[in-house]
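Visitor: structure of the sequence below:
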Amino acid sequence: MKLSDRRDIETDVYQPAEDSRLLADAVCDRLEADTDDLVLEVGTGSGYVAGRIADETPARVIASDLNPHAVRQARGDGVETVRADLVSPFADDAFAAVAFNPPYLPTDPENEWDDWMERALSGGEDGRAVIDPFLEAVPRVLAPDGAVYLLVSSLTGVDEVVERAGEAGFSAGAVADHSFPFETLTVLELFR
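Guide: Residues are numbered from 1 along each chain as shown. The predicted structure is shown next:
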């Protein structure tokens, strides 16, 4: 890897943090140990969550990200990765599970920088600028008995996300959470 590529990864790709570990733990715990189903991780960033799922379950995992630097890093770490906006290129009913750690931090539009790291973090004014389109799009690629694992923050409004998921045809339940002094992170399991 060239030095310039490493610099791009360090500044342009979301690296694993507490939210990544919480989502990976929850998905690995919830997937059936004997399933070899197809799982999608949307917005893979470094590929950490997809890599954990692939390593700790028998599922075949595909990851996607809009960020070309993230795709390069995840592929370099052995994760099967596609450059994509949310779920757009994938077939109908293809995935038994979909995991997503979306950009969820509420951000004042006047303070956005319009770079890859900002896109990985900023959820728009209410924190749901990416979550809402995801909830509209994901039912198409989810198998009829599949589940979505969506990480949300108390800063984003968990109740609002649950309500929006209901409008998209999902029932929701919290399967993991972790509290910090400034927020609580929750992994929601969504199913139809």
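
Visitor: for the protein, which helix is longest?
Guide: Ranked by residue count and defined by DSSP state H, the top helix of the chain is helix 18-30.

Visitor: buried residues in it?
Guide: 19-20, 22-28, 30 (16 or more other C-beta atoms under 10 Å). No exception for glycine: its C-beta is placed from N, CA and C like everyone else's.

Visitor: stretch 176-185 too?
Guide: Buried-residue list, stretch 176-185, by 16+ other C-beta under 10 Å: 176-177, 185.

Visitor: swap in stretch 149-165?
Guide: For stretch 149-165, by 16+ other C-beta under 10 Å, it's 149-158, 161-162, 164-165.

Visitor: point to the residue nearest the middle of this structure.
Guide: The C-alpha lying nearest the average C-alpha coordinate of the chain belongs to residue 100 (C-alpha atoms, centre = their mean; 1.8 Å).

Visitor: for that residue, what are its contacts?
Guide: Residues in contact with residue 100 (C-beta atoms under 8 Å, 6 or more residues apart in numbering) are 41-43, 134, 138, 148-151.

Visitor: how about it: what's its closest non-neighbour residue?
Guide: Nearest non-adjacent residue to residue 100, counting by C-beta to C-beta, 6 or more residues apart in numbering: residue 42, 4.3 Å away.
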